[in-house]
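Visitor: Output the structure for:
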Amino acid sequence: MNLASELPECPVTLRWAATDLAMLADRPVPQAPVLGRCDVRRIAADLDVWDAWPLACGRGMPVRWRGGELWFALAAPACDDPEARHGKARIHHFHRIDGRFDPLGATFPDDFTPGSREWSGSAHYGDELVTLYFTAAGTRGEAEPTFQQRLFASTTRLAEGGETGEGGAFTGWSDPVELTVPVDLIYMSRHDGTGEIGKIKAFRDPATWRTPAGEEYLLFTASSARDLGRYNGVIGCARRGRGDVGEFEKLPPLIDASGVNNELERPHVVAHAGLLYLFWSTQANVFAPGIAAPTGLYGAVAERIEGPWSLLNGHGLVFANPATEPFQAYSWWVLPDLSVTSFVDYWGIDDATACEKPPGRAHFGGTFAPFLKLRLEGDSATLKDG
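Guide: Okay, here's the model as predicted:
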């Protein structure tokens, strides 16, 4: 009996190269529609919101809840410098109903999670349990924010109240459990870098994918421990078997952008027409010098989570922010119906130098952006008109 043949395969890593992105110079760049003032609808005057994801079933579809859906997003009190929000980030939850997002407050109690801030993750509903995967940034109680990042999960049950009931959403959270720990073999364990946004190293943004056989894969934004250069972003991968509740086993990355890009953010998988689509967001200012690629949604396609993966459209770009509004939105999340959410970032400007010095409160959206729609056909991905 060949036991090795029964073991799950390790992923095949796709190297994202400068030559792939050079193809963008010879082709029209697909662009999202320009946002107008009527598209920027604040959740609340005193609350900034970004990086959103739904409570989803195993295949990624939002779960029906009280006549709508339950969503999560990072949030922080609005202040004069929107960039300061990263140091105050907490996960909040929202009731999405009739096209609007109603805020329901901070998801975890104060001083509950292991970090000084809570950064992005994902949420799964199954066996009547809500599992919230999240990033703990820094250390609880630290005097000054640090940039160490760890991956955790906590569980709860949805509070009773019926489809249209009122009251709190959750019954109480279990103690957070760490999912996997980098040890400088595949993924870097130090994430401080310079501490400057776009230059810190990564171990964040956990999202899961479950195979038909019941295996659970964990995807995350990470930095390569095998290439310690300035630009060493990867999409990390880990796995645990059917029924296993222990730590995830770290595997080789799905995408390796060493030498090309520093941050492949918020990776997640969507199944469509018999294929798997892997999406991530990245910004123009985290590409290596000499690479002219825009802020946008990028992706790859494969028949199985283990790969091999191929870049969508040959270069990876699905769509970019408009050339006249290069910073208007970010942090795209694709749902199985191919609708795409994001948040309004800096809008109403077209000055590329704002990438180096953000233009401040007057131009910051800090709210949910209008949904877009994709069309996927094999290794081709485009925005759907309308």
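
Visitor: Return the helix or strand in this structure with minimum mean pLDDT.
Guide: Ranked by mean pLDDT, DSSP states H and E, the weakest helix or strand in the chain is helix 3-6, scoring a mean of 39.

Visitor: In stretch 19-28, which residues are buried?
Guide: Residues of stretch 19-28 classed as buried under the neighbour-count rule (16 or more other Cβ atoms under 10 Å) are Asp20, Leu21, Leu24. To be clear about C-beta, it is placed using only N, CA and C from the backbone, and glycine gets the same treatment.

Visitor: What strands line up against the helix or strand just after the least confident helix or strand of the chain, and which way round?
Guide: From helix 3-6 onward toward the C-terminus, using DSSP states H and E, the following helix or strand is strand 14-15. Listed by DSSP bridges, the sheet partners of strand 14-15 and their directions read strand 249-256 (parallel).

Visitor: Could you check how far the partner strand is from the centre of its chain?
Guide: On the basis of Cα atoms, centre = their mean, to the nearest Å, strand 249-256 is displaced by 16 Å from the centre of the chain it belongs to.

Visitor: CA atoms only: put that strand into PDB for me.
Guide: Coordinates of each C-alpha in strand 249-256 appear next as PDB, following Å, rounded to 0.1, in the frame of the first residue of the first chain:
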ATOM      1  CA  GLU A 249       0.200  22.800   8.900                       C
ATOM      2  CA  LYS A 250       2.100  25.500   7.000                       C
ATOM      3  CA  LEU A 251       2.600  24.700   3.200                       C
ATOM      4  CA  PRO A 252       4.400  26.500   0.400                       C
ATOM      5  CA  PRO A 253       2.800  29.700  -0.800                       C
ATOM      6  CA  LEU A 254       0.200  29.700  -3.500                       C
ATOM      7  CA  ILE A 255       1.600  32.900  -5.100                       C
ATOM      8  CA  ASP A 256       5.200  34.200  -4.700                       C
END
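
Visitor: The following helix or strand past it pairs with which strands?
Guide: Past strand 249-256, further along toward the C-terminus, the next helix or strand under DSSP H and E is strand 265-272. Strand 265-272 has these partner strands in its sheet, going by DSSP bridges: strand 275-282 (antiparallel).

Visitor: Give me the contacts around the partner strand.
Guide: The set of residues external to strand 275-282 that reach it, using Cβ atoms under 8 Å, 6 or more residues apart in numbering, is 209, 219, 221, 233, 235, 254-255, 261, 263-271, 295-305, 309, 312, 318, 330-334, 376, 378, 381.

Visitor: Rounded mean pLDDT for that strand, please.
Guide: Here the mean pLDDT over strand 275-282 is 98, rounded to a whole number.

Visitor: residue ranges with poor pLDDT in the stretch 251-386 of the chain?
Guide: Within the stretch 251-386 of the chain, the segments meeting pLDDT under 70 span 351-359, 386.

Visitor: List just the nearest of the buried residues of stretch 19-28 to Pro145.
Guide: The shortest approach to Pro145 among the buried residues of stretch 19-28 belongs to Leu21, at 32.6 Å (Cβ to Cβ).

Visitor: Surely the closest one is within a strand?
Guide: No: with DSSP: H, G, I helix; E, B strand; the rest coil as the criterion, Leu21 is assigned helix and is not in a strand.

Visitor: who's in contact with it?
Guide: For Leu21, the contacting residues are Val260, Phe287, Ile291, Ala292, Ala293, His315, Gly316, Leu317, taking Cβ under 8 Å, 6+ apart as the criterion.

Visitor: can you check Ala106 too?
Guide: For Ala106, the contacting residues are Ala75, Arg90, Ile91, His92, taking Cβ under 8 Å, 6+ apart as the criterion.

Visitor: From Pro206, how far out is the residue positioned nearest the centre of the chain?
Guide: Residue closest to the mean C-alpha point of the chain, counted by Cα atoms, centre = their mean, is Arg266 at 2.0 Å. From Arg266 across to Pro206, the span is 10 Å (Cβ to Cβ, to the nearest Å).

Visitor: do Leu276 as well
Guide: When Cβ to Cβ is applied, the distance between Leu276 and Pro206 equals 18 Å.

Visitor: The two: which is more packed in?
Guide: When neighbours are counted by other Cβ atoms under 10 Å, Pro206 comes out ahead of the other of Leu276 and Pro206, with 28 against 19.

Visitor: if we can go back for a sec, and the residue nearest to the residue nearest to the centre of the chain when sequence neighbours are not counted, how many neighbours?
Guide: Closest residue to Arg266 in three dimensions, ignoring its sequence neighbours and counting by Cβ to Cβ, 6 or more residues apart in numbering: Asp205, at 4.8 Å. For Asp205, the tally of surrounding residues (other Cβ under 10 Å) stands at 31.

Visitor: repeat for Ser154
Guide: The number of residues packed around Ser154, counting by other Cβ under 10 Å, is 18.

Visitor: correct me, but Phe343 touches Trp333?
Guide: No: with the criterion set as Cβ atoms under 8 Å, Phe343 and Trp333 do not qualify as a contacting pair; they are 9.8 Å apart.

Visitor: joint contacts of these two?
Guide: Shared contacts of Phe343 and Trp333, defined by Cβ under 8 Å, 6+ apart, comprise Ala52.
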